[in-house]
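Q: Here you go, sequence then predicted model.
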Amino acid sequence: MKLPSLVKLVDVGPRDGLQNEKQPVAAAVKIELVHRLQAAGLKEIEVTSYVSPKWVPQMADNHEVMSGMQRQSDVRYSVLTPNLKGFESALLDKPDEIVVFGAASEAFSQKNINCSIAESIERFAPVVEAAKAAGIAVRGAMSCTVGCPYEGDIAPERVAYLAGLMKGIGVQRVDVADTIGVGTPRRVQAAIEATLKHYSLDDVSGHFHDTYGQALSNTLAALELGVWNFQSSVAGLGGCPYAKGATGNVATEDVVYLLHGLGIETGIDLDALVDAGSYISEQLGRPSGSRVARALLAKRATS
Ligand SMILES: CC(C)(COP(=O)([O-])OP(=O)([O-])OC[C@H]1O[C@@H](n2cnc3c(N)ncnc32)[C@H](O)[C@@H]1OP(=O)([O-])[O-])[C@@H](O)C(=O)NCCC(=O)NCCSC(=O)C[C@@](C)(O)CC(=O)[O-]
């Protein structure tokens, strides 16, 4: 089994990680989190989303966060934009990449963005076109590629269908998301293989939630297929407000530990990443969701 020698991680903690947080999180805390992630060596950070503040109040400070960050020229900052209104607001804050987000499940599409899959693609098309005209990269998140909280199992054919629609409107790369963390390795591989009917390996990333404790196994299964882009969330923060019961993303610390253990380069300093995770966990008043972070912090305390 030949695994990739290099993996790129997008830390989605500031966006996916915090979007569902019930307590207020100050923009200054989100900005500090971004700073700590980039100091730890993350080269891609999903910062915020330009969605309705009625739907996702925690992201209402998108402009404050984006304009308050000290950017590094070698870091790509991405933001979610579900429609032209969101894109036009985002444009003022100069993201490097925008993310349109669709679903392989009709019911999830309705719950999450209030439209069908077909309607979502109609909404995304002008966003993709406008982003490209402005020189901004475009990623597509594909939710519920394995299971849906409303419809249950999702067949790979539906993932292939969505990937084809994304490709058709010019989305440059896509995330295969196991939104509710129900996937197991073979099922996740089937979702990725379905996506590979339309996208090359370099343009497919894995986005795994850890609800059933399968996210690291699923990461390894994706690596076995040659996938070398992944999303994860520092301290295992996160979850989608429209996927009740789903826990956070796989923790970036846990993925980095796995990858480094496999001899795969990430460019990330695990100790600094653990510090970033401790920072946000303290701000939220709860322990980190990363088992690696908890183990390393316990080791630090005794040495
Ligand atoms: C998509 C909409 C906006 C449609 O919402 P809608 O109600 O159908 O939109 P509308 O066009 O009918 O407009 C209704 C109101 O929303 C406003 N509006 C309309 N668009 C925007 C916008 N962009 N920004 C701010 N405001 C907006 C619009 O101006 C209007 O305001 P009003 O006149 O009532 O005062 C809504 O459903 C929404 O905001 N949904 C949020 C969904 C979301 O953020 N979910 C979490 C992210 S996805 C995720 O976490 C999964 C992922 C990516 O991580 C991968 C995975 O794990 O699966």
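A: Thanks, I have the structure now.

Q: Need the residues that contact stretch 186-201.
A: 142, 145-146, 154, 156-157, 159-160, 163-164, 166-167, 173-174, 176, 178, 183, 204, 206, 208, 218, 221-222, 224-228 (CB atoms under 8 Å, 6 or more residues apart in numbering). (C-beta placed from N, C-alpha, C; glycine too.)

Q: which SS class is the residue nearest to residue 277 when sequence neighbours are not counted?
A: Computed as CB to CB, 6 or more residues apart in numbering, the closest residue to residue 277 that is not its neighbour in sequence is residue 235, at 3.8 Å. State at residue 235, reduced to three classes by DSSP: H, G, I helix; E, B strand; the rest coil: helix.

Q: what residues are up against residue 279?
A: So residue 279 contacts 32, 33, 36 (CB under 8 Å, 6+ apart).

Q: What strand or helix carries it?
A: helix 270-284 (DSSP states H and E).

Q: Please state the mean pLDDT value computed over the following helix or strand past that helix.
A: Using DSSP H and E, the helix or strand that follows helix 270-284 in sequence is helix 291-302. Average pLDDT, helix 291-302: 96.

Q: start at 494 instead
A: Fine by me, first position is 494 from now on; the one you just mentioned is helix 784-795.

Q: Tell me the buried residues in helix 784-795?
A: Counting neighbours by 16 or more other CB atoms under 10 Å, one finds that the buried residues in helix 784-795 are 784, 785, 786, 787, 789, 790.

Q: repeat for stretch 598-614
A: 598, 599, 601, 602, 603, 604, 605, 606, 608, 610, 613, 614.

Q: Narrow the contacts of residue 772 to those in helices?
A: 525, 526, 529 (DSSP state H).

Q: Pull the contacting residues for the closest residue to the ligand within the stretch 694-796 of the chain.
A: Per CB to the nearest ligand atom, residue 733 is where the stretch 694-796 of the chain lies closest to the ligand, at 3.6 Å. By CB under 8 Å, 6+ apart, the contact list for residue 733 reads 509, 512, 513, 605, 636, 672, 739.
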